[in-house]
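Enquirer: pasting the structure only:
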Ligand SMILES: Nc1ncnc2c1ncn2[C@@H]1O[C@H](COP(=O)(O)OP(=O)(O)OP(=O)(O)O)[C@@H](O)[C@H]1O
């Protein structure tokens, strides 16, 4: 389903983190969201996924529209996300970790959803390991498995390659492409690694001080003088 955010404003007391941001993501499209630190990228994911209610603006997906939504209702509609910092429960296995996420959704068979998500990420052989004991790169993959268990219409990835080496980042790129191919969902990916963004995205949206300053194919955005000035540098 196509997703649309229209004219979204998010104010935190005196600070305007999003200043009238609109974003369209088509079914099956991968959009990169880049911009300087503090430009509003994570805030846009937060208001889209129901972590915060925006000050104003609206959202729609398919035939449904809303101005504010809870995290769980967003997830039930298939708007799923990962977080910049991985938060895993102590002592749960990999399978249990994904099952908890799937149970929280409250729809479908939680075990079946969890097993399918692990299978999709080639993680099945690790299902009985304690999640917190996995290597960091694998924890990052587990975070994605958790976000795709069950209904998935629109996936938001917040810096999925943070802290990973080049090879591990390439794996994430492959995983993201496979998810799009299999599920046909729209995907938004925030990443500071421009190689990842250039490799995986159909389109790049650039935020600066809470506003969209550019949007277009990766190679075009890369040459945009405003983007170079605000983010890429010379
Ligand atoms: N819960 C909050 N309370 C107050 N201010 C916030 C809150 N969340 C974000 N902000 C502020 O909103 C602005 C945008 O932050 P945001 O985290 O969205 O930026 P970002 O582009 O994701 O940055 P980074 O690349 O560093 O992750 C920042 O000035 C930040 O301090």
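Expert: Good, I have the coordinates. Just so it is clear, the structure is predicted and the values come from calculations on it, not from any experiment. Numbering: from 1, shown residues only.

Enquirer: mind listing the helices for this protein?
Expert: 41-49, 71-76, 94-105, 110-120, 136-148, 166-183, 194-200, 218-223, 225-227 (DSSP state H).

Enquirer: So which bits of the third one are buried?
Expert: Pointing back at helix 94-105 there. Neighbour-count burial for helix 94-105, counted by 16 or more other Cβ atoms under 10 Å, picks out 94, 95, 96, 97, 98, 99, 101, 102, 103, 105. Every residue, glycine included, has its C-beta placed from N, CA and C.

Enquirer: from what I can see residue 203 touches residue 217, true?
Expert: Yes - with contact defined as Cβ atoms under 8 Å, residue 203 counts as touching residue 217 (6.3 Å).

Enquirer: The two: which has the busier surroundings?
Expert: residue 203 (17 against 11; other Cβ atoms under 10 Å).

Enquirer: how much space is there between that one and residue 41?
Expert: 15 Å (Cβ to Cβ, to the nearest Å).

Enquirer: which intervals of the chain have sub-threshold pLDDT?
Expert: 234 (pLDDT under 70).

Enquirer: Can you name the residues of it that neighbour the ligand?
Expert: Taking Cβ under 6 Å from any ligand atom as the contact definition, the chain meets the ligand at 12, 15, 17, 35, 37, 38, 39, 40, 41, 42, 43.

Enquirer: Return a PyMOL selection command for the buried portion of those.
Expert: The buried subset of the residues of the chain next to the ligand, as determined by 16+ other Cβ under 10 Å, is captured in PyMOL by this line:
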select buried, resi 17+35+39+40+41+42+43
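
Enquirer: mind listing which of the residues of the chain next to the ligand are in strands?
Expert: Among those, the ones falling in strands (DSSP state E) are 12, 15, 17.

Enquirer: pretty sure residue 209 contacts residue 39?
Expert: Yes - using Cβ under 8 Å, residue 209 is in contact with residue 39, at 6.2 Å.

Enquirer: And the furthest pair within the residues of the chain next to the ligand?
Expert: Greatest spatial distance in those: 12 and 35, 17.2 Å, computed using Cβ to Cβ.

Enquirer: what about the residue lying closest to residue 46 once chain neighbours are set aside, how many neighbours?
Expert: Leaving aside its chain neighbours, residue 46 sits nearest to residue 52 (4.9 Å; criterion: Cβ to Cβ, 6 or more residues apart in numbering). For residue 52, the neighbour count with other Cβ under 10 Å is 17.
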